[in-house]
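I need the structure of the sequence given here:
(one chain, ligands or ions: 1)
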Amino acid sequence: MIRTGIGFDTHRLVSDRKLILGGVEIAYEYGLLGHSDADVLTHAIMDALLGAIADGDIGQHFPDTDPKWKGADSVALLRAVVARLKEKGYGIVNIDATVLAERPKLMPHIPAMRQVLAEAMECDQTAVSIKATTVEGLGAIGRREGISAMAVATVSNLN
Ligand code: MG
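Below you'll find the predicted structure:
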């Protein structure tokens, strides 16, 4: 059986925070604000995976009211989500994700993100597509107030 899930996330850009996207630290004057490392791309992928198996969302599994998740490495949380997926008898077919950011240029970092995320999800890099787009200066993302990411995950029954 094939199932699909969708994920979306947004975090605010602020000074004095590291910018981490897809588990990769990117040199930039701003970083994303959040309870965890605020890795918006990894969060969108986690929600897509949880959505595919109708297993709630990351807010439910890793509540931002819980001090346990303060400053959490989102790639470690992704590993926990993939473990849940496997427990329920599903494996990842593919992930497709888009990051919406006016700046910085993300293209040079995409190979590293695919590598980190594929390793965390224990799947081949060819199953992990990461894309980036600007929003042509429009809205909050265009004003560089934040970064969003959306993802689709396809999973299949391992049995
Ligand atoms: Mg988030």
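
quick check: buried residues in whichever strand or helix holds Ala76?
Assessed by DSSP states H and E, Ala76 sits inside helix 74-87. Buried residues in helix 74-87, defined by neighbour count with 16 or more other C-beta atoms under 10 Å: 74-75, 77-78, 81-82, 85. For every residue, glycine as well, the C-beta is placed using N, CA and C.

repeat for stretch 27-38
By neighbour count with 16+ other C-beta under 10 Å, stretch 27-38 contains the buried residues 28, 30-32, 34, 36-38.

endpoints of it, how far apart?
15 Å (C-alpha to C-alpha, to the nearest Å).

and that stretch, how far out from the chain's middle?
13 Å (C-alpha atoms, centre = their mean, to the nearest Å).

so is the helix or strand Arg12 falls within next to the ion?
Per DSSP H and E, Arg12 falls inside strand 2-14. Yes: Strand 2-14 reaches the ion (C-beta under 5 Å from the ion) through Asp9.

which helices and strands does that strand pack with?
Packing partners of strand 2-14 (3 or more C-beta pairs under 8 Å, 6 or more residues apart in numbering; DSSP states H and E): strand 31-32, helix 40-52, strand 146-157.

make a markdown table out of the buried residues of helix 74-87 and add distance to Gly23.
Formatted as a markdown table, the buried residues of helix 74-87 follow (distance: C-beta to C-beta, whole Å):
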| residue | distance to Gly23 |
| --- | --- |
| Ser74 | 7 |
| Val75 | 4 |
| Leu77 | 11 |
| Leu78 | 8 |
| Val81 | 13 |
| Val82 | 13 |
| Leu85 | 18 |
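
pull the most distant pair out of those.
Maximum pairwise distance among the buried residues of helix 74-87 (C-beta to C-beta): 16.1 Å, between Ser74 and Leu85.

for Glu25, helix, strand, or coil?
Secondary structure, DSSP: H, G, I helix; E, B strand; the rest coil: Glu25 is strand.
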